[in-house]
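> Model the following, please.
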Amino acid sequence: MASILAYDLGAGSGRALLGRLTDRGIVTEELHRFPNEPVQVGSRLHWDILRLLHEMKQALLAAKHRGIAVQSLGIDSWAVDFGLLDGNGELLGNPYHYRDAHTDGMMEQVFADMPRRDIFARTGIQFMPFNTIYQLAAMKRAGSPLLREAKRLLMIPDLLRYFLTGERHNEFSNATTTQLFNPLTCQWDPELLERIGVSGSLFGPVVQPGTAVGQLLPSVVSELGIASVPVIAVAEHDTGSAVAAVPAAEHPFAYLSCGTWSLMGTEVDRPVMNEQALGQNFTNEGGVCGTFRLLKNIMGLWILQETKRQWEREGQSCPYPELIALAERAPAFAAWIDPDDARFMAPGPMLGRIADYCRETGQRPPEGRGEAVRCILESLALKYRYVLESIERLSGNRFGGLHMVGGGIQNALLCQWSADAIGKPVWAGPAEGSAIGNLAVQWIARGDFRDIREARSVIRESFPVTVYEPQEREAWEDAYGRFWRLTGLS
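Below is the predicted model:
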């Protein structure tokens, strides 16, 4: 059984998953897991990119020590962030974290040079303050010496691949998230780059998921004492990999990749770049096998994660099962927030922000841990319904239910409340969606699967899916109407 390796790097942790194809389907094994913690340096927040490289090497060593010959590997990660290389190919500083404040107010400054409508017409990408375009614009306007010296820009998976192979490629699914790539021409957009004052020479050719992009460098092979391994560009935006792993038998389908971020959408053959998509701030990100992902970013479990960290800093023990049990016992429909309110974006104490939002909207702020967690989870479930209905209008499709993948599906209460809120079944699984999608694209590239349909069929037979049927329809229908009015989404 040939073994292949998927590196799946999330905003809080990374993992290396080993995959094998057997006569029983896909067998996976976690080879290595490690934290991915940002580092505050003065007023700036960075990724510890060299630590990630070190941990990736540890996974290769773990395979070696177990006598496993890895046949190929692929990398997926979060989007929008990047590293800059100088003329000698050296990394110019640790990459900025997308939650760093240097992009504050930058969208509005860029809109002064090119209107929002024109940017969307060229990219089809959702307006988020941390998109690559605004990070680069912020560096340009600050006179960043890093940007002055830079000769090449590589997104996070591109950069880690470069460290391992010495090859410089920009991969399609991550390139589209920059809001600098034109999906109609399938090229970096020269006018956008000119407007923000950045040279197009920073960007290289864009390769599709499933492209062979090199071998491990001789220096890496020598350091680790292993044989060289082919490297494949997968859908390197982790959501692209997660969508590749959705075990849907039907088409089209609606999905929710649930983790630190919640990303809800559907797969389309061509980007949807009309006025309605612009007005509702939807995005069209690159997918696998020539597809696009019409989707919406939702703040996700980030708010709960930061709330948990706040309690832990205050000395409280907060295991997730205990928090979920407290939420289930708390009064229903007592208070809600719009998870996508800008105040919830930055790291830091969330409880005060939740209380402020509630007071501003005429609600009593949650009291105690159970009420706070219930407020967050109910708000997410209700926001999921709002976004799902928007996707149905934009795509012209009606969906029979929602496929949920990612680590967030381990929260059974959120899955059930999501089914209750949308009034349709939720099919939850697999939990390691991004890593499994990463493996699937490698198997397609290696010729083990004919296409993504066959890959999804095998995934469907290999991993359990939990079905959540909607309950308490009348109560949730009433709650949605009140949520819709309270949050101003109407």
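
> Now do the strand or helix carrying Ala212: which elements does it pack against?
Here Ala212, judged by DSSP states H and E, is contained in strand 211-215. On a contact count with 3 or more CB pairs under 8 Å, 6 or more residues apart in numbering; DSSP states H and E, strand 211-215 meets helix 156-165, strand 230-233. In short, each C-beta sits where N, CA and C put it, glycine included.

> Redo these as JSON lines? Include mean neighbour count and distance to Leu294.
JSON lines is the format used below for the helices and strands packed on strand 211-215 (neighbours: other CB atoms under 10 Å; distance: least, CB to CB, whole Å):
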{"stretch": "helix 156-165", "mean neighbour count": "23", "distance to Leu294": "22"}
{"stretch": "strand 230-233", "mean neighbour count": "24", "distance to Leu294": "22"}
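
> hmm, back to that, ok, residues contacting the strand holding Ala212?
The contact list for strand 211-215 (CB atoms under 8 Å, 6 or more residues apart in numbering) reads 161, 164-167, 169, 171, 207, 228-233, 445.

> redo that, cut-off 7 Å
The contact list for strand 211-215 (CB atoms under 7 Å, 6 or more residues apart in numbering) reads Arg161, Thr165, Glu167, His169, Val207, Ser228, Val229, Pro230, Val231, Ile232, Ala233, Ala445.

> ok so, going back, which of the helices and strands packed on strand 211-215 sits closest to Ala412?
Evaluated over these, closeness to Ala412 peaks at helix 156-165, with 31.1 Å, by CB to CB.

> now the angle between strand 211-215 and that closest one, please.
Inter-element angle recorded for helix 156-165 and strand 211-215: 40 degrees (by axes from the mean of the first three to the mean of the last three CA atoms, to 10 degrees).

> Can you name the element that comes right after helix 156-165?
Following helix 156-165 toward the C-terminus (DSSP H and E): strand 170-171.

> All the helices of the stretch 201-350 of the chain, residue numbers only.
218-224, 238-244, 275-279, 302-313, 320-329 (DSSP state H, counting those that start in this stretch).

> can you redo those helices as a markdown table with distance to Leu184?
Below are the helices of the stretch 201-350 of the chain laid out as a markdown table (distance: least, CB to CB, whole Å):
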| stretch | distance to Leu184 |
| --- | --- |
| helix 218-224 | 38 |
| helix 238-244 | 19 |
| helix 275-279 | 14 |
| helix 302-313 | 32 |
| helix 320-329 | 43 |
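
> how about those in a markdown table, adding mean neighbour count, distance to Phe127 and mean pLDDT?
Below are those laid out as a markdown table (neighbours: other CB atoms under 10 Å; distance: least, CB to CB, whole Å; pLDDT from 0 to 100):
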| stretch | mean neighbour count | distance to Phe127 | mean pLDDT |
| --- | --- | --- | --- |
| helix 218-224 | 13 | 39 | 98 |
| helix 238-244 | 31 | 17 | 97 |
| helix 275-279 | 14 | 9 | 96 |
| helix 302-313 | 18 | 18 | 96 |
| helix 320-329 | 16 | 32 | 98 |
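
> So for Ala101, which of those sits nearest?
Shortest separation from Ala101 across the helices of the stretch 201-350 of the chain is recorded for helix 302-313, at 15.7 Å, computed as CB to CB.

> got any ranges where the stretch 1-150 of the chain has weak pLDDT?
Within the stretch 1-150 of the chain, no stretch has pLDDT under 70.

> any idea how far Pro339 is from Ala412?
In this view, Ala412 and Pro339 are 19 Å apart by CB to CB, to the nearest Å.

> scratch that, Pro183 is what I was asking about
Note on Pro183: its distance to Pro339, by CB to CB, is 27 Å.

> Now the two most distant members of the contacts of strand 211-215.
The most distant members of the contacts of strand 211-215, if one measures by CB to CB, are Val207 and Ser228, lying 19.8 Å apart.

> neighbour-wise, which of those two wins?
Legend: neighbour count by other CB atoms under 10 Å for Val207 and Ser228, higher for Val207 (17 against 14).

> I'd assumed His169 was in contact with that one.
Yes: using CB atoms under 7 Å, Val207 is in contact with His169, at 5.0 Å.

> Give the residues shared as contacts by those two.
Both Val207 and His169 are contacted by Val213, Ala233, under the criterion CB under 7 Å, 6+ apart.

> and Pro209, backbone torsions?
Note on Pro209: backbone dihedrals following degrees, to the nearest 10 are phi -60, psi 140.

> Remind me what the longest helix anywhere in the chain packs against, helices and strands.
Ordering each helix of the chain by length in residues (DSSP state H) puts helix 368-395 first. Helix 368-395 is packed against strand 254-258, strand 262-268, strand 292-298, helix 302-313, helix 320-329, helix 351-360, helix 412-422, helix 473-486, with contacts defined by 3 or more CB pairs under 7 Å, 6 or more residues apart in numbering; DSSP states H and E.

> how about a cut-off of 6 Å?
With contacts taken as 3 or more CB pairs under 6 Å, 6 or more residues apart in numbering; DSSP states H and E, helix 368-395 sits against strand 262-268, helix 320-329, helix 412-422, helix 473-486.

> any chance of these in JSON lines, plus distance to Ala244?
Below are these laid out as JSON lines (distance: least, CB to CB, whole Å):
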{"stretch": "strand 262-268", "distance to Ala244": "10"}
{"stretch": "helix 320-329", "distance to Ala244": "27"}
{"stretch": "helix 412-422", "distance to Ala244": "21"}
{"stretch": "helix 473-486", "distance to Ala244": "31"}
